[in-house]
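In: structure for the following, please:
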Amino acid sequence: MQIANENYNPAAIESKWQQIWQQKHAFEPSSDFSKPKKYILSMFPYPSGAIHMGHVRNYCIGDAMARYYRMYGYNVLHPIGFDAFGMPAENAAIKHKIHPKDWTYSNMKVMLQELQTMGLSFSQERVLETCDPTYSKYEQEFFIKAWQQGLVYRKKAFLNWCPNDLTVLANEQVIDGKCWRCDTPVVQKEMYQYYLKITDYAEELLNDLATLEGKWPQQVLSMQRNWIGKSEGLSFSFQLSEDSQAMLDNNITTLDVYTTRPDTIYGVSYCVIAPEHAIVDKLIEKNILSKDDIATILHIRNQAEKERSKANKEGIVLPIYVIHPLTQAKIPVWIGNFVLMSYGSGAVMSVPSHDERDFEFAKKYNLVLLPVIEQKGEYDGLNKPNTEDGILCNSDMFSGLHSKEARAKIIQLFEEKGIGKKTINYKLRDWGISRQRYWGTPIPLIHCPQCGVVESDILPVALPEDIAITGEGNPLEKHATWKYVQCPKCGTDAIRETDTMDTFVESSWYFLHYTTPKALRYTQAFCAESLQYFMEVDEYIGGIEHAILHLLYARFYTKMLRDLGYITFSEPFLHLLTQGMVLKDGVKMSKSLGNVVEPRHIIEAYGADTARLFILFAAPSSYALDWNDNSVVGCYKFICRLIDRKVRVQKTNKMPKINTQTLNKDSKNARLKVYEALQKQQNIFNKKIDGYPFNVVIAACMEAHNALSAQNDDMVFTEGYFILLHILENFIPHIASELSEELFGLANFAPITIDNGAFEQDEIIYAVSVNGKKRGEITMHTHASKEEVITQAKIAVQKWLVSDIKKEIYVPNKLVNFVL
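Out: As a prediction, this is how the structure comes out:
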């Protein structure tokens, strides 16, 4: 596979420079906080056992940034760590009969070694593992403070439960409604869970997105806005009819709902409640529903929310009616599998003429349609739902009003009558952080029969290591001794909480902990001076798949820690780059598809610099990259040419001074190309060009190298190499360092000022087009007049001027276009 080159031994060169960098601690941030800083961070990996090309791309992008800023005098924090807790370690423990801790630490060691072979300029002294007990100690401390402030609460919720393995399953472990391990149908089991009150921060999370405009991709901002889902509407209650109240022993008298479309209130023809609603429980308790209906209800209840969202609309009519608050009409109540108790009140008013979901349900069960918005084309509310705003009809005193005006007036009427109020709602739900697993941060609470739920007085609450992972139940729940403790308040025998935290908690503050030097981490979560200096993260790099959960949770957790007194800022990431996926033959690389390219194979064949160069050259950073073996070879050949042509360089330890007056056309053009490449590199960082298109810089370097090779002035060639190796150090640091040491004593690895004189050319190349299609080029003196340029352009494309010229378009210094 390798194309041998006797002048290039990647393994030896890369090993040499990696050792030099390690010995010199070259990538450690300075304690000199008077320097300008840059905090460059790629999202940390899960220790799966081997790096893949997705990792390589992510880290090469961040590394190019870090190396540039170091070269230009910044104090750079560029750390790496591992998101080390999580379910895959337990799955591996079951499959390979190995302890999750051993599997995790073994994988982290392998991955660190692989990352080092790539020459990535990570701080070696700031590495962190989220499974470290010290990290857990601080996370548990945050939890306790949030618990004390009411930002964590406990309530019952339904979870995926395998009755055979007696264990809770994550959503991804439920396949076609069955347990991934034993194929047993999964049921929903109600259990206590812990929640972080992210909804308390919904408005701030939404508003602060405005501060990220122009700094984060618009797609990510839109996704977060939609996920938070702010809406304004009307909250009110339907009164149950008297006979319905009696049927429920007068224990339930109202049905609470919320709507963003109060302008359609007169079109309500039925209401739908969740199968878990209290009304349903009461009807089942009193044996009012048929056995078939109860069986259907229990079946729906046992479906996970994700499964229900994909299922066909299914309903059961109930012997219950509510009274319309304005018309006093009796409205039937149904159960619907699409209504969830976890969202809102678990009940919705249905206006089938003006809502697609309600229309579909009404058509299926032949329910009444009541159009209350005037027909818009074919959308008449009877054959097709009219979901847009419009002019109201069949709406009593509000008929003739536009929807926007009607909404305000109808809300006003409800408030005047005292039967409803204007309400702001969010789709965002509180963050459930309980996991019934072993390999996670234990929740630091104790259940005392006398005192209730109390905080642990000793931190960290560490995981026991003498456990067996079988896949049946929670190992912490079954441990012989670990969960049995004395209450720290009264000394009574008590039980530890056996739930562990969602791993998104660990990834919601790791970027803050990186700022604390390792020597201080045993005594403090955050070194205040270092935290204040390095935060915010200047450049955060990761996949678009993290746009909502991780990034939203990290933003929330930052604000929560601010309110708990740990930090003073509100947003963690100043700029965000979402890098594109790495594809093979047009599809995402995946072990299951057998199309994974292992980085180590590329390194063994061509060297790490070739892998780095290809991954940054093949596509702009934010675009998908399609793996191409031929392009890899092309990058390797470019490095070989760079080495082979060094013989023309005049060794020096400073930038050569060029007498431009004596240069010929080719040498001037070569200098132009070299400085264009340098300008492109500097513009990416100084002007924050969207997406960090390093491929453009690399292409410019290749073009400049060709131009240098095509001219005969060795001093111009030397200047060009001085600058090109300076640029390429960001991308191919090993060979750039090797050549720079040999030729320039590394003197070119310092800031370089652009020589604007290189852009002053005696001649300009014009593109000449006919009817917008390029037909040729002309070279003109810089002082040529418009008339001279057009005359020469006509001569150059004479054979395409087959009819009269209707219009001559002249763009100075760029092009001429003739419209016939």
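
In: C-alpha from now on. contacts and neighbour counts both.
Out: Fine.

In: pLDDT value on Ile544, please?
Out: In the predicted model, Ile544 carries a pLDDT score of 88.

In: state the distance from the residue nearest to it when sequence neighbours are not counted to Pro572.
Out: In this structure, Ile544 finds its nearest non-sequential neighbour in Thr578, 5.3 Å apart by Cα to Cα, 6 or more residues apart in numbering. Here the criterion is Cα to Cα, to the nearest Å. By it, Thr578 lies 16 Å from Pro572.

In: count of neighbours near the closest residue to Ile433 other than its chain neighbours?
Out: Counting by Cα to Cα, 6+ apart, Asp502 is the residue found nearest to Ile433 once chain neighbours are left out, at 4.7 Å. By the measure other Cα atoms under 10 Å, the count of residues near Asp502 is 20.

In: what strands line up against whatever helix or strand the residue nearest to Ile544 lives in, and which way round?
Out: Secondary structure assigned from DSSP states H and E places Thr578 in strand 573-579. Paired with strand 573-579 in the same sheet, following DSSP bridges, are strand 537-543 (parallel).

In: now the helix or strand just after the strand it pairs with: buried residues?
Out: Downstream of strand 537-543, the first helix or strand assigned by DSSP H and E is helix 549-563. The neighbour-count criterion (16 or more other Cα atoms under 10 Å) identifies His550, Leu551, Leu552, Tyr553, Ala554, Arg555, Phe556, Tyr557, Thr558, Lys559, Met560, Leu561 as the buried residues of helix 549-563.

In: save those residues as CSV, and put in pLDDT and distance to Asn312 too.
Out: Listed next are those as CSV, based on pLDDT from 0 to 100; distance: Cα to Cα, whole Å:
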residue, pLDDT, distance to Asn312
His550, 94, 31
Leu551, 97, 32
Leu552, 96, 31
Tyr553, 95, 32
Ala554, 98, 35
Arg555, 98, 36
Phe556, 98, 35
Tyr557, 98, 37
Thr558, 98, 40
Lys559, 98, 40
Met560, 98, 40
Leu561, 98, 43
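
In: put together TSV for these, with distance to Met53 on each row.
Out: Putting those into TSV (distance: Cα to Cα, whole Å) gives the following:
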residue	distance to Met53
His550	21
Leu551	22
Leu552	26
Tyr553	26
Ala554	25
Arg555	28
Phe556	30
Tyr557	30
Thr558	30
Lys559	34
Met560	35
Leu561	35
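
In: between these, which is nearest Lys330?
Out: Leu552 (43.3 Å; Cα to Cα).

In: from memory that closest one sits against Gln224, does it?
Out: Yes - contact between Leu552 and Gln224 holds when scored by Cα atoms under 8 Å: they sit 7.1 Å apart.

In: picking up where we left off before, from Ala11, how far out is the residue nearest to Ile433?
Out: The spacing between Asp502 and Ala11, counted by Cα to Cα, is 41 Å.

In: residue contacts, Leu340?
Out: Contacts here follow Cα atoms under 8 Å, 6 or more residues apart in numbering; on that basis Leu340 touches Ala274, Pro275, Glu276, Glu305, Gly346.

In: who wins on neighbours among those?
Out: Each of the contacts of Leu340 was scored by neighbours using other Cα under 10 Å; the highest score is Pro275's, at 28 neighbours.

In: ok, so of the contacts of Leu340, who is nearest Trp509?
Out: Lowest distance from Trp509 to these (Cα to Cα) belongs to Glu305, with 28.7 Å.

In: do I have it right that Ala618 meets Asn695?
Out: Yes - the pair Ala618 / Asn695 is scored as a contact, 6.6 Å apart, by Cα under 8 Å.

In: which residue of those two possesses the greater neighbour count?
Out: Each of Ala618 and Asn695 had its neighbours counted (other Cα under 10 Å), and the higher figure belongs to Ala618 (22 against 18).

In: so how far is Val696 from the more buried one?
Out: Using Cα to Cα, one gets 10 Å for the distance from Ala618 to Val696.

In: name the residues that touch stretch 15-32?
Out: By Cα under 8 Å, 6+ apart, the list of residues contacting stretch 15-32 from outside reads 75-78, 116-117, 119, 121-125, 734, 737-738.

In: same question but for stretch 407-420, I mixed them up
Out: With contacts defined as Cα under 8 Å, 6+ apart, stretch 407-420 is touched by Leu234, Ser235, Phe236, Ser237, Arg261, Pro262, Asp263, Pro325, Lys421, Lys422.

In: give me the most central residue, the protein.
Out: Centroid-nearest residue in the chain: His546, 2.3 Å away (criterion: Cα atoms, centre = their mean).

In: against Tyr692, how distant is that residue?
Out: Using Cα to Cα, His546 is found at 19 Å from Tyr692.

In: how about the contacts of Leu340 in TSV, adding secondary structure?
Out: Output for the contacts of Leu340, formatted as TSV (DSSP: H, G, I helix; E, B strand; the rest coil):
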residue	secondary structure
Ala274	coil
Pro275	coil
Glu276	coil
Glu305	helix
Gly346	coil
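
In: now, the most widely separated pair of those?
Out: The two members of the contacts of Leu340 with the most space between them (Cα to Cα) are Glu305 and Gly346, at 13.0 Å.

In: pull the contacting residues for the nearest residue to Trp216 once chain neighbours are set aside.
Out: Of all residues not flanking Trp216 in the chain, Leu576 sits nearest, at 4.9 Å (Cα to Cα, 6+ apart). For Leu576, the residues meeting the contact criterion (Cα under 8 Å, 6+ apart) are Lys215, Trp216, Pro217, Glu539, Tyr540, Ile541, Gly542.

In: and what of Thr254?
Out: Contacts for Thr254 (Cα under 8 Å, 6+ apart) come out as Ser237, Phe238, Gln239, Leu240, Val322.

In: tell me how many other residues surround the closest residue to it other than its chain neighbours.
Out: If the residues on either side of it in the chain are set aside, Thr254 comes closest to Gln239, at 4.5 Å by Cα to Cα, 6+ apart. Using other Cα under 10 Å, Gln239 has 20 neighbouring residues.

In: SS state for Gln239?
Out: On the three-state scheme (three-state DSSP), Gln239 is labelled strand.

In: help me confirm that it comes into contact with Leu326.
Out: No - at 11.3 Å, Gln239 does not count as touching Leu326 under the criterion of Cα under 8 Å.

In: top of the contacts of Leu576 by neighbour count?
Out: For those, the largest number of neighbours (other Cα under 10 Å) sits with Gly542, at 24 neighbours.

In: ok, it to His575 distance?
Out: 11 Å.

In: over to Trp800?
Out: Distance, Trp800 to His575, using Cα to Cα: 50 Å.

In: neighbour-wise, which of the two wins?
Out: Under the neighbour definition other Cα under 10 Å, Trp800 and His575 were set side by side, and His575 has more, 19 against 14.

In: distance of that one relative to Ala547?
Out: Between His575 and Ala547 the distance is 13 Å, computed by Cα to Cα.

In: coming back round to it: so what's the backbone phi/psi at the residue nearest to Ile433?
Out: Taking degrees, to the nearest 10, you get phi -60, psi 140 for the backbone angles of Asp502.

In: isn't it up against Tyr438?
Out: No - if you go by Cα under 8 Å, Asp502 and Tyr438 don't touch, sitting 11.3 Å apart.

In: which strand residues bridge the residue nearest to Ile544?
Out: Gly542.

In: what about it, neighbour count?
Out: Neighbours of Thr578 under the rule other Cα under 10 Å: 22.

In: so how far is His546 from it?
Out: Computed with Cα to Cα, the distance linking Thr578 and His546 is 9 Å.

In: repeat that for Ala707.
Out: 42 Å.

In: same check on Ile316?
Out: To His546, Ile316 is 38 Å away according to Cα to Cα.

In: for Ile51, same thing?
Out: Going from Ile51 to His546 by Cα to Cα gives 19 Å.

In: ok, back up a step: may I have the strand holding Thr578 as CSV, with CA atoms only?
Out: Listed next in CSV are the C-alpha coordinates belonging to strand 573-579 (Å, rounded to 0.1, in the frame of the first residue of the first chain):
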residue,chain,number,x,y,z
PHE,A,573,-18.7,28.4,24.5
LEU,A,574,-17.9,31.6,22.6
HIS,A,575,-17.6,30.0,19.2
LEU,A,576,-18.9,26.6,18.0
LEU,A,577,-17.8,24.7,14.9
THR,A,578,-19.8,21.6,14.0
GLN,A,579,-17.5,19.5,11.8
